[in-house]
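K.L.:
No sequence on hand, only this structure:
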């Protein structure tokens with residue numbers, strides 16, 4: 001089936017909800033199709049995640065013609081008790097920096113030390 005990303009079966013550090021939120025933070029008018037491709041999810045999965053995020057107040061949208069413009073509530077506190085007090089803004093600042101680092105040329109990246 002065209003358009004369906006290759007599934008990933010291993011465990012990951014980030015949830016799909018975090019990935020979708022980061023994709024929206026990068027482009028507030030991003031299409032669901034583009035989020036799905038970037039996050040390697042189906043469009044239906046992205047729609048469900050967006051509905052979850054909107055239901056709990058992390059995200060809202062306004063319809064502009066045939067597209068949506070999303071608004072993230074940066075002050076909303078993360079849900080898990082282990083992240084008590086951390087906000088969406090703090091999470092996104094980490095993810096946005098990581099994305100910016102990934103976009104730089106490999107020779108320009110700082111090397112990890114042990």
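P.N.:
That came through fine. Please read these numbers as outputs of a predicted model, since none were measured by experiment.
K.L.:
contacting residues around residue 30?
P.N.:
23-24, 70 (CB atoms under 8 Å, 6 or more residues apart in numbering). Every C-beta, even on glycine, is put in place using the N, C-alpha and C of the backbone.
K.L.:
what do you get if the cut-off is 7 Å, keeping everything else the same?
P.N.:
By CB atoms under 7 Å, 6 or more residues apart in numbering, residue 30 lies in contact with 23-24.
K.L.:
what's the offset of stretch 42-60 from the middle of its chain?
P.N.:
When distances are taken as CA atoms, centre = their mean, to the nearest Å, stretch 42-60 is centred 11 Å away from the chain's centroid.
K.L.:
Let me know the average pLDDT across that stretch.
P.N.:
Averaged over stretch 42-60, pLDDT sits at 97.
K.L.:
Can you give me the buried ones in it?
P.N.:
Residues 42-43, 45-46, 49-50, 53, 58-59 are the ones in stretch 42-60 that count as buried (16 or more other CB atoms under 10 Å).
K.L.:
So which of the residues you listed belong to strands?
P.N.:
Among the buried residues of stretch 42-60, the members found in strands (DSSP state E) are residue 59.
K.L.:
TSV please, covering the buried residues of stretch 42-60 and showing distance to residue 16.
P.N.:
Formatted as TSV, these follow (distance: CB to CB, whole Å):
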residue	distance to residue 16
42	11
43	13
45	7
46	8
49	6
50	11
53	11
58	14
59	14
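K.L.:
who's in contact with residue 89?
P.N.:
Residue 89 neighbours (CB under 7 Å, 6+ apart): 74-75.
K.L.:
the strands in this protein, which residues?
P.N.:
So, for the chain - with DSSP E - the strands run 59-64, 67-72.
K.L.:
so the last one versus strand 59-64, what angle?
P.N.:
Orientation of strand 67-72 against strand 59-64 (axes from the mean of the first three to the mean of the last three CA atoms, to 10 degrees) gives an angle of 150 degrees.
K.L.:
buried residues in strand 67-72?
P.N.:
The neighbour-count check on strand 67-72 (16+ other CB under 10 Å) flags 68, 70, 72 as buried.
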